[in-house]
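Chemist: 3D, please:
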Amino acid sequence: MIYSDLEESIKTRRAVYPLSFSGNKVPNLIIEKMFELANWAPTHLKTEPWRFKVFSDSALASLLDECKNQYVKNVSPQRFNSSKLQKLDSHKNSVSHIITITVKRSELLPEFEEVAATAMAVQNMWLYLSSSKKYGGYWSTPQYLMNNDFRKHLSLDDDELFLGLFYVGELKENIVLPTGKRGDWQKKVEFIQ
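Modeler: Take a look at the predicted model:
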């Protein structure tokens with residue numbers, strides 16, 4: 001059996017949480033290559049619905065401040081946890097870039113197809129970072145940001161659907177990422193002849 005670099009990248013891709021990031025900046029060349037590869041995701045009717053906004057430096061800090069504001073406004077008192085605000089603040093020192101993930105919906109296709117294409121673009125980004133063994137990513141979908149107020153903050157158009165934030169960073173030195181576990185694929189597949 002041939003074990004390819006692609007197979008290894010797929011099997012070793014992990015969500016790397018911001019606490020595993022070093023705080024060092026990911027070079028622009030890496031970020032640009034990541035988006036070039038995202039752009040090769042499958043896209044029905046070539047609508048290429050993925051849209052990204054990249055926040056770094058002071059813009060990243062401002063975005064995290066807005067995330068904190070949204071948390072305070074939108075999380076019920078029963079679920080509110082002040083350590084979440086501290087965690088968001090700590091991301092200012094550990095995360096290199098935060099990327100908003102949005103779908104530019106078209107009239108040509110059902111929304112789920114455009115969402116699926118955008119998710120595949122994000123998977124391409126994730127696989128590229130994973131294959132580097134130096135950088136990582138984490139797709140966050142906090143419900144407290146899924147509102148019109150945050151959409152307005154991001155200046156999204158009416159036909160854009162917000163899918164979350166993608167955190168990018170350089171891995172801390174000697175970090176050990178968890179090994180992945182999956183159930184038996186054969187229990188999830190039915191061959192019909």
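
Chemist: tell me the phi and psi of Arg14?
Modeler: Dihedral angles of Arg14 (phi, psi; degrees, to the nearest 10) stand at phi -140, psi 150.

Chemist: May I see the buried residues of the top helix by length along the chain?
Modeler: When the chain is parsed with DSSP state H, its longest helix is helix 111-132. For helix 111-132, a neighbour-count test (16 or more other CB atoms under 10 Å) marks 113-132 as buried. Where you see a C-beta, it was placed from the backbone N, CA and C, and this is true even at glycine.

Chemist: what about it, average pLDDT?
Modeler: What helix 111-132 shows for mean pLDDT is 96.

Chemist: Please enumerate residues in contact with that helix?
Modeler: 5-6, 8-10, 12-14, 30, 33-35, 37-44, 47-50, 101-106, 135-137, 139, 161, 163, 166, 168 (CB atoms under 8 Å, 6 or more residues apart in numbering).

Chemist: In strands, which of those residues fall?
Modeler: Of the contacts of helix 111-132, the ones assigned to strands by DSSP state E are 50, 101-104, 135-137, 139, 161, 163, 166, 168.

Chemist: Next, format these as JSON lines and append distance to Gln193 and pLDDT.
Modeler: Below are the ones in strands among the contacts of helix 111-132 laid out as JSON lines (distance: CB to CB, whole Å; pLDDT from 0 to 100):
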{"residue": "Trp50", "distance to Gln193": "37", "pLDDT": "98"}
{"residue": "Ile101", "distance to Gln193": "39", "pLDDT": "98"}
{"residue": "Thr102", "distance to Gln193": "42", "pLDDT": "98"}
{"residue": "Val103", "distance to Gln193": "37", "pLDDT": "98"}
{"residue": "Lys104", "distance to Gln193": "41", "pLDDT": "97"}
{"residue": "Tyr135", "distance to Gln193": "44", "pLDDT": "96"}
{"residue": "Gly136", "distance to Gln193": "42", "pLDDT": "96"}
{"residue": "Gly137", "distance to Gln193": "40", "pLDDT": "97"}
{"residue": "Trp139", "distance to Gln193": "37", "pLDDT": "98"}
{"residue": "Leu161", "distance to Gln193": "39", "pLDDT": "97"}
{"residue": "Leu163", "distance to Gln193": "38", "pLDDT": "98"}
{"residue": "Phe166", "distance to Gln193": "41", "pLDDT": "98"}
{"residue": "Val168", "distance to Gln193": "44", "pLDDT": "98"}
